[in-house]
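Trainee: My questions are about this predicted structure, shown below with the sequence.
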Amino acid sequence: DTEVTQTPKHLVMGMTNKKSLKCEQHMGHRAMYWYKQKAKKPPELMFVYSYEKLSINESVPSRFSPECPNSSLLNLHLHALQPEDSALYLCASSQDRQGIETQYFGPGTRLLVL
Amino acid sequence: GDSVTQMEGPVTLSEEAFLTINCTYTATGYPSLFWYVQYPGEGLQLLLKATKADDKGSNKGFEATYRKETTSFHLEKGSVQVSDSAVYFCALRGAQKLVFGQGTRLTINP
């Protein structure tokens, strides 16, 4: 089973709202990732968690706040977003072995900020 | 730094045509290489991968061979179907993260 699940599938929020995106995997993977994908572009890495610790933050604005409560779960807390933050947000996971690890992606959350 | 260059799209073919999507890369050493596919409205699915030179990845009739001499990982399929219509991303495993190409949109007409 190589399934990564994400909820919700769609989200509409105002610029003053607070919302959270959730991601879950049960493959025993120890690395989890958040990506942002704009239309007709490749995914852009936002954050990497390795063994439940934040290992990479690609200079993401503080209105995005990641959280890894345990090895199977990854959250992305959203607050005071801007319309330009509207995008598809993808979660991925991998074994976290060096060099050859494969990342498996979830179906994404399509976010619209009004 | 590491980079991936993909064939510009969009690509439009008729059903049962032969498909090639070119991908070349620049990287230090010999990174693992991947093709991901994204169907409309969905996330990315791993299509195939190769972890060392001369490896051939294959899945669902698609193939790609890791060529270190030409730093390439071209995607091929002998006979495409309408259901293959999607965006295809070539990627390499860099230092702690994937480096993606820009993607190639493929449309197959019946």
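Mentor: That came through fine. Residues are numbered from 1 along each chain as shown, chains lettered A, B, ... in the order given.

Trainee: Near the nearest residue to A:Thr7 once chain neighbours are set aside, how many other residues are there?
Mentor: Distance criterion CB to CB, 6 or more residues apart in numbering or on different chains; nearest residue to A:Thr7, sequence neighbours excluded, is A:Lys22 at 4.9 Å. Every C-beta, even on glycine, is put in place using the N, C-alpha and C of the backbone. For A:Lys22, the count of nearby residues is 17 (other CB atoms under 10 Å in any protein chain shown).

Trainee: next one: A:Ser20
Mentor: The burial count for A:Ser20: 14, using other CB under 10 Å.

Trainee: Okay, and it sits in which element?
Mentor: Assigned by DSSP states H and E, A:Ser20 belongs to strand A:18-25.

Trainee: contacting residues around that strand?
Mentor: Applying CB atoms under 8 Å, 6 or more residues apart in numbering or on different chains, the contact partners of strand A:18-25 are A:3-8, A:11, A:13, A:32, A:34, A:72-79, A:89, A:91, A:93, A:104, A:106, A:109, A:111.

Trainee: for the chain, what spans make up the strands?
Mentor: By default, I'm working from chain A. With DSSP state E as the criterion, chain A has strands at A:4-7, A:10-13, A:18-25, A:31-37, A:44-50, A:53-57, A:64-70, A:73-79, A:87-94, A:104-105, A:109-113.

Trainee: Actually, chain B is the one I wanted.
Mentor: B:3-6, B:11-14, B:19-21, B:23-26, B:33-38, B:44-50, B:56-59, B:62-65, B:75-77, B:86-93, B:98-100, B:104-109.

Trainee: which stretch among the ones you listed comes nearest A:Glu52?
Mentor: Among the strands of chain B, strand B:98-100 comes nearest to A:Glu52, with 20.7 Å by CB to CB.

Trainee: any idea which residue sits dead centre in chain A?
Mentor: A:Trp34 (2.8 Å; CA atoms, centre = their mean).

Trainee: thinking that one is in contact with A:Leu88, fair?
Mentor: No: the criterion here is CB atoms under 8 Å, and A:Trp34 misses it with A:Leu88 at 11.5 Å.
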